[in-house]
Each structure stands twice: as structure tokens, then as C-alpha cells.
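**Student:** Build me a model:
(2 chains)
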Amino acid sequence: MENIVKNNIRFILMCFVLSFSSLTFAQMKLNGAGATFPYVIYSKWFDVYHQKTGVQFNYQSIGSGGGIKQVIEGTVDFGASDAPMSNDQINQVKNKQGSDILHIPTVMGAVVVTYNLPQIKNNLKLTAEVLSGIYLGQITKWNDSRITSINPGTNLPNKAIFVAHRSDGSGTTNIFSGYLSKVSDAWKSKVGQGTSVNWPAGLGGKGNEGVAGLIKQTEGSIGYVELAYAVQNKLPYATLKNKAGSFVEPTFDNVSAAASGYIKNMPDDLRVEITNADGKNSYPICGFTWLLITKNMKDKNKAKAIVDFLKWSMSEGQKYAKDLYYAPLPKEVVMLVEKKISTIALK
Amino acid sequence: MISSTEEEIPNITSDAAKSSSLSGLLKPGGKNLGDFIFENTTRLFAFLVLSLVLLMAYEMFTKSLPSINRFGWSFISSSTWDPVHDQFGALPFIFGTLFSSLIGLMIALPLSVGIAIFLSELCPQWLEHPVSLLVELLAAIPSIVYGLFGIFVMTPWLRDTVEPFLGDHLGFIPLFTGPPYGFGMLAAGLILSLMILPIIASISRDVMKAIPGSLREAAFALGATKWEAIKIVLSGSKSGILGATLLGLGRAVGETMAVTMVIGNRPSISFSLFDPGHTMASVLANEFTEATSELYTSSLIEIALLLFILTIVLNAAARFIVWSVTKKYQAEY
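**Tutor:** Now for the predicted structure:
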């Protein structure tokens, strides 16, 4: 009996010592802020990585815009954004913090076109022209010849198209409007690309759930949501005609294929929108989400910790992506990113 | 505002005056240290609130200067809201805020005055307490719950039943034109009316109950019917009901979450109840987090400033109306 008690006490003491020693390791604490879209995988990464190495992350998902602002002000160790920073913003960082900013792609997301047509479950086909026509308010009926001609054999109703979009500023809208700007000149000149735009048609819902709510409630509606949200909620999705001319479904593999399809045009700073990519399987409306890392961090210990983490995220971290409904980076891109990580100054 | 609803009841004010003169007699002549500290501490608290309001106004003004310099007065009169091309005009939001609040008020006011009359004049004693408790409970429901109720229950009902009916029978009035989306001004107005109803109803009831029973007894003694007696009570509590209404309007103007969930969020100006709109509070909630350019942010802050001014003006108007009605009433009796 006494022995057991003694053993227990010894065990507790050992635990205490061990936890104390891990506490001394956990001195390293990194603060970050930015995009909400990758929040789920980032928190998973930060948690797993913390248990592995003791490095602590404090990430606030305040939105891409807020993340960029904090990077410019230098109040965080790293930022995160769904949209690349503009040249002007990068120059602001240079002036204020005296360092270049690096864009490190981490995972990919896609935008899914979803709809509510009881007669068509999951095989509505759409082209870039039709999609931009609908969102410009030029195609207003489901049985418009421009839609029926690409959907032969389906019985499209003589019903008004109810257009839904995001009302809050979001990276999803940025990717979607960026795609429409790329494929439609009329969209580019009239509306353009941004986290919020001046919508020519339709109603706005707040967040993915707001748009999904509008669509579920209204027969004959069309809208766009994040891929992850569509998969989790089993929303119907449209297959889109890509640049190569084939109709592709929004699957993780097709999204990763888009990044591979863009590899030839990948700029050196990895600051690129990969919508409407080349390649037979490339899903056309998708994009990277980036971590924004200061190239010349003042605290070299922190720089070392970030580099180690980034390397881990490119190898082991990518395995978590699909389970959490993100598309992993294809191998070619991972190689480019690893090269970019190696340019972060450690001395 | 709440205190003003108590002020205007004449018999109570005379009572209060009496008691204050009484306490004046009891007060010791010299100042002691405890009183001095207490007085100044409470004064400090009062001024803290005031300085907070001033600080907020100042901060909003300085932060919105880029937008004020760029757009000037056209910010209020322009109806283009285009973040991509840095063109900002707040008119659709101002319109949406006022229009949706007005609809809410038009629906809520008669209902809540009816509730107040029933509770204070007609309701049997045993029923009064539970019913008024339930009405007040409505005020405690979080606005997100109202919003969800709006999305899942109200908008389908509006789209499938109410709006087609109104469009078929009253479609010749501009108020009831356009396709029935369900989401839009009518939905926003209805949700707002639900939210402000408990405020107006419970304050109005309190005001009516404060009218002395002798007034009613006198009316009945002179052979008045129940309705005539209620009319007398109503005319006595006019200013209180008005104050309650404006308090409700204040809530409606500032309401964000529930409205943004059902209004459709389209910055357009239309007098049709079926059309979607947008409000000042909901554009702030929607777009502030992702507003990156300086002009964009400062335009949003200018909208916040306008909302702030609008609320102050409404409250000042409420005060003024209550004050003038009270004065008139006191002069009459």
C-alpha cells in the first residue's frame, strides 16, 4: 500500500518536472492575425506543432484586410491573407518595418457555384460567359437559350434566376470577382475585383451560411460559397467549363490541378491568382491562401521558429488538408514554396 | 428618455417636489468631507460618460476626414457604393435605415399601444402579470435569434403567402410592386417591429398605470363609457407613449444583426416593400473587417459618424417633443 502511494507521488512529481521542462521550451510564442478562411487548418497545425515542439502560436482570425493592416503596423509576427498584398501595401511595409514581405502559400481553397433547382440535382453545367451573364443581370431566366444549349436534355424551368452573393467583405468574393474579371471584359470594366464589389444584380447574405440560407430558401436561386462549406453541407454544385474546354467538378484534386496548371506562369514572389488556369482537370475558380512573413525579422529566434514551422507545414502539415476540406498544394508548388522559405534571413 | 417618461405625470411631480423640499429641510447646513468626496466622485462618473461620448465623436470625425475631404456633401447624396473603384455614397444606407425603422414603427406602435391599454385598463388582475412578463421577455431575446426566425420562418411565409397576396390585390400602389423575394424591406420592418414592440408596450403600460385612478373614477362618475375613460387616460399619457416610441425608434435605427439577415443587403433606393435594401448598421457589420484601402475604411467610419449623429438627433427630437407636449398638457390642466 505504502509503496503504491510512494509510486504515485513519484509519478506526480515526475509529471510536474516534465511539464515544467516543456514549459521552459514553450518560451517561444508567435503572434499572428488575418484570414478567417484557413483558420480551421491553421488552428489544427498550430495545435499539432505546439504538442510536437512546444512553440506556441496565437492566431486571431480577424479577416485578411485586418491581417494586412497589422503586418504593415508590425504588431504581429506573421499575417495571413486570402488575397495577395498590393504593391503599395508591400512598399508600406518596407517603409515602416524596413523589410520585404514574403507570400507563402499554405493550402488552397475553391469557390463553388451552388443553386436551388429541384429538377436538377448535381449536374448543372455552366460556362464563364453564362456565369458572368447571370451575375451581370443579363441572363435572367433559367430557360435562357445560353443556359439550355450547354445543358442538353435537362428540363430547365421558365423561372427567374435569383442571384445571391456575399454581403460581407470576403476572400471568397475576391476570388469569385477576380475570376469573372478574367473571363469577362464587361465584368472587368463595370464591376471589377475586390473583397466587396458593387453588385449589378442579386441579394447579399452575410457569410457562407447567409448565402446558403438565401439559396435554400429560394427556388431558382444561384450563388457561390467556399468549397469546404459546400462539401460539409452537401450543397449541389455546378460543373464549370475550364480554359481547356472541359467541364470539371470542384474536387480537391481538380483544385490542386489548377495550381499545377499555373506552374509555368508562377511569378517569383508567388503572389498570383490562379483562377482560370490551364490544364484539362483544372477547376477554374480557386486560389491560394498565404501566410505573410517578414523576410528580415528583427528577432532571429522567431525567424528560426517560423522557418521550421513553415517547413513542417509543407511536408507533414499538408496531410491534414483534405480531412479539413482544404485542397493541398501540388508537389511542384511545394518545391517552389520551400525554395522561398529558404530565403528568409536567419542571421 | 426613461426619466422623461416619469417626469410628465403631473401628480407625481408635485409629490416629488414636496419630498425634495422636505429633504432640503433635513439637510445639515455645512458641508462635511464625506459629502464632498461623494459628490465629486459621482460627478466624475457622470463626466466620464460625457467625455466618452465626446471622445467617440472626435475619433470618428478625425478617422473619417479622408472621406469627408474627398466626397464632401456628395457622400450623403450619392447612391453609388463601389469599393473596387473607391466611389462611396451613403444615401442608400441612410434611406434603408430610416425606411425600415419607419415600417417597423408603423407596425409596432398600434400593436403596443393596444397591448398597453389592455394591460393597464382592461385586463383582469390575475392575467396582467404573466402577460406583461411575456411581453418584457420579448425584449430579452438576442437579435441573432430574431434574425434566424426571420430567415427560416418569416421570409418563406412572406415570399409564398403575404407578398404574392399583397402584389395581386394592392399591386397598383408602388409600395407593393416587384418580385416577391421574401427578403427585403418588409421582412426587415416586421422583424424590427417585433424587436421594438416590448419596449414601447411596457413603457406605455407603466405610463398609463401612473395616471392616477381618480381621473378614471371621475370620468366614470360623470357617466363616461370605458372607451371614453381610456381616451382620457390616453391623452394624459400621450407624451410618455411618444417618448417610448422614440426610444423604440432608437433601437430600430441601431439594430444590426437581425436586419442584415433578412433585408437582402443591396444598396439601392426603392419605395417598394418587396425590394431589398441595406442599412447603415448592417453595412458596417458586413464590410468593416475586410476594408483595406484607407478611403474605404474612412468612408465606413463616416457612415458610423452619420449613424451617431442620426441617433443623437432622434433622441434630441424625442426629448423636445416630450418636453413640449408635457408643457402643453400642464398648461391645460
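**Student:** OK, contacts around residue 308?
**Tutor:** The chain I'm using is chain A. Contact partners of A:D308, counting by C-beta atoms under 8 Å, 6 or more residues apart in numbering or on different chains, are A:53, A:55. Just so you know, the C-beta spots here come from the backbone N, C-alpha and C atoms, and that holds for glycine as well.
**Student:** sorry, should have said chain B
**Tutor:** For B:F308, the set of contacting residues under the criterion of C-beta under 8 Å, 6+ apart consists of B:56-57, B:60.
**Student:** contacting residues around A:T106?
**Tutor:** A:38, A:41-42, A:288-291, A:313, A:317, A:329.
**Student:** Could you export the helix or strand hosting it as CSV, CA atoms only?
**Tutor:** Remark: A:T106 resides in strand A:101-116, with elements defined by DSSP states H and E. Extracted in CSV, the C-alpha atoms of strand A:101-116 (Å, rounded to 0.1, in the frame of the first residue of the first chain):
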residue,chain,number,x,y,z
ILE,A,101,7.3,40.7,-47.1
LEU,A,102,7.1,37.2,-48.4
HIS,A,103,3.9,35.5,-49.6
ILE,A,104,3.9,31.8,-48.6
PRO,A,105,1.0,29.8,-50.0
THR,A,106,-0.1,27.2,-47.4
VAL,A,107,-3.2,25.5,-48.8
MET,A,108,-5.8,26.1,-51.5
GLY,A,109,-9.5,26.9,-51.4
ALA,A,110,-12.1,27.0,-54.2
VAL,A,111,-15.3,28.7,-54.8
VAL,A,112,-18.3,26.6,-55.7
VAL,A,113,-21.3,27.7,-57.6
THR,A,114,-24.4,26.3,-55.9
TYR,A,115,-28.1,26.5,-56.8
ASN,A,116,-31.6,25.5,-55.9
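**Student:** Now the element after it, going C-ward?
**Tutor:** In the C-terminal direction, the helix or strand that comes right after strand A:101-116 (DSSP H and E) is strand A:125-126.
**Student:** so for that next one, what's the average pLDDT?
**Tutor:** The predicted model assigns strand A:125-126 a mean pLDDT of 94.
**Student:** for stretch B:194-206, same thing?
**Tutor:** pLDDT averaged over stretch B:194-206 equals 92, rounded to a whole number.
**Student:** How much space separates A:E129 from chain B?
**Tutor:** Spatial separation of A:E129 from chain B under the definition C-beta to the nearest C-beta, to the nearest Å is 21 Å.
**Student:** give the contact list for that residue.
**Tutor:** Shown in contact with A:E129 (C-beta under 8 Å, 6+ apart): A:146, A:183-184.
**Student:** Can you list the low-confidence ranges for the chain?
**Tutor:** The chain I'm using is chain A. Applying pLDDT under 70 to chain A flags residues A:1-27.
**Student:** looking at chain B here, not the other one
**Tutor:** Those would be B:1-30, B:328-333, if you go by pLDDT under 70 across chain B.
**Student:** How many residues are close by A:S170?
**Tutor:** When counting by other C-beta atoms under 10 Å in any protein chain shown, one arrives at 30 neighbours for A:S170.
**Student:** do the one 5 residues further on as well
**Tutor:** A:I175 has 28 neighbouring residues, counting by other C-beta under 10 Å.
**Student:** Spatially nearest residue to it (excluding sequence neighbours)?
**Tutor:** Spatial nearest neighbour of A:I175, chain neighbours left out: A:G287 (4.5 Å); criterion: C-beta to C-beta, 6 or more residues apart in numbering or on different chains.
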